[in-house]
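**Q** here is a sequence together with a model predicted from it:
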Amino acid sequence: MRATATTVVKKPVDHVWSVLADHEGMANWGPGMKVTLDNPGSPTPGGVGTVRRISAPGPMPAIVEEITVFEPGKRLGYKALSGVPFKNYHGEVVLSPVAGGTKIDYSVSLDLPVIGVLPATAVAQTLMRLLARAARG
């Protein structure tokens, strides 16, 4: 199942990219979140191979993700290594310049039966809103 949420923020692509690529800064996307890097990535710190650990308040396990695509100013992709209740969870964010700002396409894909489009859509929309709010900052 794949779902995409889209919005436009009135900020330049470079600004939105700086928010998106700041893995530890994701802690600012939601109250009580903590993000640490288990592996900083190589040869580009924060790039492909980076492993980030996202912890939220409460009893939920940390979500551990690996960066799989890193095209500065354009596209960031990742896959979940652990901590999510879905199999084969992947995310991809594509940034495109548009008049007056940046278009954000936030996609998630995961293995679920046909009814899985609702959870996938909800995840994509939630993550897109958090990124957009942080970028508007």
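**A** Ah, there it is. Numbers count the residues shown, from 1 in each chain.

**Q** roughly how far does Asn39 sit from Leu131?
**A** The spacing between Asn39 and Leu131, counted by C-beta to C-beta, to the nearest Å, is 22 Å. Yep, even glycine has a C-beta here, placed from its N, CA and C like the rest.

**Q** out of those two, which sits in the more crowded spot?
**A** Set Asn39 next to Leu131 and count neighbours by other C-beta atoms under 10 Å: Leu131 wins out with 22 against 13.

**Q** which strands or helices does the helix or strand of the chain with the lowest mean pLDDT pack on?
**A** Lowest by mean pLDDT, DSSP states H and E among the helices and strands of the chain is helix 117-136, with a mean of 83. Counting by 3 or more C-beta pairs under 8 Å, 6 or more residues apart in numbering; DSSP states H and E, the packing neighbours recorded for helix 117-136 are strand 2-9, helix 13-20, strand 101-111.

**Q** just send the ones you listed back as CSV, with mean neighbour count and mean pLDDT too.
**A** Listed next are the helices and strands packed on helix 117-136 as CSV, based on neighbours: other C-beta atoms under 10 Å; pLDDT from 0 to 100:
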stretch, mean neighbour count, mean pLDDT
strand 2-9, 17, 93
helix 13-20, 19, 97
strand 101-111, 20, 94
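
**Q** so which of the ones you listed gets nearest Thr50?
**A** Among the helices and strands packed on helix 117-136, the nearest to Thr50 by C-beta to C-beta is helix 13-20 (12.7 Å).

**Q** before we move on, the earlier item: tilt between the least confident helix or strand of the chain and strand 2-9?
**A** 20 degrees (axes from the mean of the first three to the mean of the last three C-alpha atoms, to 10 degrees).
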